[in-house]
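> This is a predicted model, with the sequence first.
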Amino acid sequence: MATNSIKLLTGNSHPQLAKQVAARLGIELAKTMSLNYSNQETSVTVGESVRDEDGKWEAEGTAADGPKTVFILQSTAPGDINDGLMELLIMINACKTASARRITAVIPNFPYARQDKKDKSRAPISAKLIANMLQTAGCNHIITMDLHASQIQGFFNVPVDNLYAEPSTLRWIRENLEVKDCVVVSPDAGGAKRYFPLSITISTSSFGFRNRLDLGFALIHKERARPNEVSRMVLVGDVEDKIAILVDDMADTCGTLVKAAETVMAHKARQVVAIVTHGILSGNAIETLNRSVLKNVVVTNTVPLGDKGERCDRLRVMDISPTLAEAIRRTHNGESVSFLFTHAPSD
């Protein structure tokens, strides 16, 4: 199937990323309009046909590229998560009622991913609720990146492709750091599991940062007084005279990253670089980073950064639109996406 039969829609959460993905695919974004009424209700209008038309075109003797595949790219903008989620659900349902045969939601940063389990009495499992809402709206397939907890895939009854930012991260490390002087530091046990993410059944030569770059590894044990607040950290491993690379799936208030960097520097690391997939950077995160000992903070563009790059000269951005575009192309053509688990598409 040709990529020109792809319909790529986007909402208001991250139009820049959608434009980059569309440019990579060599297509135009589908015409949509989204606005809020005076009572803050969201109204969405899809300005192009998304109906499965291959039967009609074939009957008229016109070459057909197959059924129209609808992809809706919508991320989560800080401070606007609920509006963006509602907009996504309405767009999915609008396409479903317009007779789209298959709808894939491309959600680079999955909302409510940190609420994936019942960790106290009467706590909701909000990630499961989001999964139910997406399926009820009419979603047939999910593409996301670096889920906070991989078991969220089990909340769905439709296919979920959880892409990894690791291949792009490895490329950035090779191009910007002296690999032989680096050591990977996980700020928690969960991070250690995420950055040794791929089993040997996928690639015998690829097993996370340690094996692919032959790096040392250290772990920080942290204790939290309350959510988003770390009270104590203990480093397990050797970082002396090394470039410590802190890896995590997201940076929100950045309290964990900053404390982890201080802990690592206290153990005589040469410098500390943080690499995270989702740079949420909410609240006073930018001010916190500017006061920290971190040399650089590398994030992907799964989340819109706005003017944060101008306010913090330590921020570096990795573009993951090639990975998302390739995942869309492979999904549309019925190809495997597992190649993207271990390889970053060429620029």
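Looks like it came in fine.

> now the helices for the stretch 151-300 of the chain?
For the stretch 151-300 of the chain, the helices defined by DSSP state H, counting those that start in this stretch cover 166-176, 189-194, 208-213, 255-266, 285-290.

> Export those helices to a markdown table and append columns for mean pLDDT.
Formatted as a markdown table, the helices of the stretch 151-300 of the chain follow (pLDDT from 0 to 100):
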| stretch | mean pLDDT |
| --- | --- |
| helix 166-176 | 91 |
| helix 189-194 | 62 |
| helix 208-213 | 59 |
| helix 255-266 | 92 |
| helix 285-290 | 96 |
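
> Kindly compare burial across these and name the winner.
By mean neighbour count, with neighbours taken as mean count of other Cβ atoms under 10 Å, helix 255-266 ranks first of these at a mean of 21. From N, CA and C alone the C-beta is placed, and that goes for glycine too.

> Give the buried residues for stretch 152-165.
By neighbour count with 16 or more other Cβ atoms under 10 Å, stretch 152-165 contains the buried residues 152, 155-156, 160-165.

> Identify the residues contacting it?
Contacts to stretch 152-165, defined as Cβ atoms under 8 Å, 6 or more residues apart in numbering, come from residues 110, 113, 116, 127-128, 131-132, 134-135, 139-147, 150, 197-198, 277, 300, 302, 318, 320, 323-324, 327, 331, 337, 340-341.

> Repeat that for stretch 252-272.
Stretch 252-272 is contacted from outside by 181, 183, 185, 187-188, 218, 220, 222, 228-230, 233-235, 239-246, 248, 251, 274, 276, 280-285, 288-289, 291-295, 297, using Cβ under 8 Å, 6+ apart.

> then it to PDB, C-alphas only?
Only the C-alpha atoms of stretch 252-272 are listed here, as PDB (Å, rounded to 0.1, in the frame of the first residue of the first chain):
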ATOM      1  CA  ASP A 252       8.000  15.600  35.700                       C
ATOM      2  CA  THR A 253       8.900  17.900  38.500                       C
ATOM      3  CA  CYS A 254      12.600  16.700  38.200                       C
ATOM      4  CA  GLY A 255      13.100  16.300  41.900                       C
ATOM      5  CA  THR A 256      14.200  12.700  41.400                       C
ATOM      6  CA  LEU A 257      16.700  13.600  38.700                       C
ATOM      7  CA  VAL A 258      18.200  16.500  40.600                       C
ATOM      8  CA  LYS A 259      18.600  14.400  43.800                       C
ATOM      9  CA  ALA A 260      20.000  11.500  41.900                       C
ATOM     10  CA  ALA A 261      22.500  13.800  40.200                       C
ATOM     11  CA  GLU A 262      23.600  15.200  43.500                       C
ATOM     12  CA  THR A 263      24.000  11.600  44.900                       C
ATOM     13  CA  VAL A 264      26.100  10.600  41.900                       C
ATOM     14  CA  MET A 265      28.300  13.700  42.100                       C
ATOM     15  CA  ALA A 266      28.800  13.100  45.800                       C
ATOM     16  CA  HIS A 267      30.300   9.700  44.800                       C
ATOM     17  CA  LYS A 268      32.900  11.500  42.600                       C
ATOM     18  CA  ALA A 269      31.400  11.200  39.200                       C
ATOM     19  CA  ARG A 270      33.100  13.400  36.600                       C
ATOM     20  CA  GLN A 271      29.700  14.800  35.300                       C
ATOM     21  CA  VAL A 272      26.100  13.800  35.100                       C
END
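
> now that stretch, how far from the chain's geometric center?
In terms of Cα atoms, centre = their mean, to the nearest Å, the centre of stretch 252-272 is set 23 Å apart from its chain centre.

> Quick check: closest non-adjacent residue to Gln74.
Computed as Cβ to Cβ, 6 or more residues apart in numbering, the closest residue to Gln74 that is not its neighbour in sequence is Leu88, at 4.1 Å.

> Any idea which helix or strand in this protein has the lowest mean pLDDT?
helix 54-59 (a mean of 38; mean pLDDT, DSSP states H and E).

> Now do the buried residues in the top helix by length along the chain.
Ranked by number of residues, the top helix in the chain under DSSP state H is helix 81-97. Within helix 81-97, the residues that count as buried by 16+ other Cβ under 10 Å are 81, 83-96.
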